[in-house]
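Asks: sequence first, then the predicted structure:
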Amino acid sequence: MRALSDALGRPQDRYRTLHVVGTNGKSSVTTMTAALLAASGMRTGACISPHVWRWAERTRIDGAEVDPRAFAAAAEAVAAAIAAVEPGFEPGERITQFEAAIAISFVAFAQAEVDVAVIEAGLGGRLDATNVIASTATALTSVGLDHEEYLGPTELDIAREKLAVLRPGTTLVTGELAPEVAALARSVAAERDAELIVAPPLPEAALPGPMAPYLARNAAVAVALAGTVAPPLGEHGVAGALAHAALPGRAELLAGEPPAIADAAHNEAGARALAEALPDLAGGRPVFGCLSVLADKDAGAIAMALAPKLARCVCTAADPGPAMGRPGSRATDAEELARLVSTTGIAVEEVPDPAAAVARTTALAAEHGGVALFAGSHYLLRYVWNARRAQNSSP
């Protein structure tokens, strides 16, 4: 990634950068922070992942997906740089898909002359493709067990990998952390002579309306992070900016009948946060869940966290496919996922085809006056949005 950045003329050095790392909450903190900075009068970039429909979704400028022509120009520049640097690599080494995507964002932001870009890390931090920026501040949103095969078996191991991106003499903003992780954050900040800001909860007046508790916590981190490079907006200004920072698939209420909720919740901590929010989101109605979980995730822990809130569960397998940015990854088999869910004691059925599973869950919720919940993977949600789009456009 350093070689690629150098070949491109280090575009990420042409604007200020804020780095967002953490197990959960990265995309929402990144999106919210960018919205707050835009409300302060700055031209902003936001780099998020994964995407749903197009790679260009990962590169946002002033709150909107980058223009297709600008994205194409950035992609062409990165492709040329890759062709120039790869011959100098060791045998078997190459620029990865994710590295290329990050570089495209860096180039697009430079071409758009943004003042500041908020950069979401992909996996971990120390060895992540995003760790080539001279960040002004870093946000550690949360720490939980995920990607242990790469980051280590404990939350402290994972936190060390994420905190490794903190630059000396900058600022570290943290969300709610376990006591031992919070202690590590304090230690790393002190070692690097970095200011530590523990994001305080936001007053209700600073929120755009009712929010899932985990999104309110993420908003608090975003406000603190934005405050490292911009003056405070005040409660009214914060609420107005956050109202324009909705992110699909995070406690998302979908229009139509029956009511539906879409939430990626792709690890245990995410599932617990969703379970906390479900009673209010469902408004007292029974919840009929549809789950798909990638094979490298702890599907049993996700099921255990959500099961107490579900009346019934439909299990499916939504594979990412190469266009979604997870080469070689696959979903847990619907049969195996159903077996894991069944151990929690709730009624379960398997519907391997994701589109059919979405239809079945919707029918169950409609039949019983309930709410349909789609969770466990970003890659399930495109089937949900397709179905709702078709429903809303039908006569």
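Replies: Received the coordinates, thanks.
Asks: these two touch, right, Leu278 and Gly289?
Replies: No: assessed by Cβ atoms under 8 Å, Leu278 is found out of contact with Gly289, at 9.5 Å. Bear in mind the C-beta positions are built from the backbone N, C-alpha and C, glycine included.
Asks: shared neighbours of these two, anything?
Replies: Taking Cβ atoms under 8 Å, 6 or more residues apart in numbering as the contact rule, Leu278 and Gly289 both touch Leu373.
Asks: those two: who's more crowded?
Replies: Higher neighbour count among Leu278 and Gly289: Gly289, with 28 against 22, using other Cβ atoms under 10 Å.
Asks: just checking, what packs against the helix or strand encompassing Phe71?
Replies: Element membership of Phe71 [criterion: DSSP states H and E] is helix 68-85. Secondary-structure packing of helix 68-85 (3 or more Cβ pairs under 8 Å, 6 or more residues apart in numbering; DSSP states H and E): helix 2-7, helix 97-111.
Asks: now mean neighbour count too, for those helices, in TSV please.
Replies: Shown next, in TSV, are the helices and strands packed on helix 68-85 (neighbours: other Cβ atoms under 10 Å):
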stretch	mean neighbour count
helix 2-7	17
helix 97-111	24
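Asks: among those, which comes closest to Arg126?
Replies: For those, proximity to Arg126 was assessed by Cβ to Cβ; helix 2-7 is nearest, at 13.6 Å.
Asks: give me phi/psi at Val287?
Replies: Per-residue torsions, Val287: phi -110, psi 130 (degrees, to the nearest 10).
Asks: hang on, isn't it packed against Leu310?
Replies: Yes: contact criterion Cβ under 8 Å: Val287 and Leu310 qualify, at 5.4 Å.
Asks: identify the contacts common to those two.
Replies: With Cβ under 8 Å, 6+ apart, Val287 and Leu310 have common neighbours Leu373.
Asks: SS state for Ile119?
Replies: At Ile119 the chain is in strand, as set by DSSP: H, G, I helix; E, B strand; the rest coil.
Asks: and Val348, by the same measure?
Replies: Recorded secondary structure, Val348: strand (three-state DSSP).
Asks: how much space separates it from Leu340?
Replies: 9 Å (Cβ to Cβ, to the nearest Å).
Asks: and Val287 and Leu310? Which one has more around it.
Replies: Leu310 (25 against 21).
Asks: can you check the pLDDT for the more buried one?
Replies: pLDDT, Leu310: 96.
Asks: enumerate every residue touching it.
Replies: For Leu310, the contact set (Cβ under 8 Å, 6+ apart) comprises Val287, Phe288, Gly289, Ile346, Leu373.
Asks: nearest spatial neighbour of the fourth one, skipping sequence neighbours?
Replies: Counting by Cβ to Cβ, 6 or more residues apart in numbering, the nearest residue to Ile346 once its immediate chain neighbours are dropped is Ala307, at 5.1 Å.
Asks: that neighbour: neighbour count?
Replies: For Ala307, the count of nearby residues is 21 (other Cβ under 10 Å).
Asks: that concludes my questions; thank you for your assistance.
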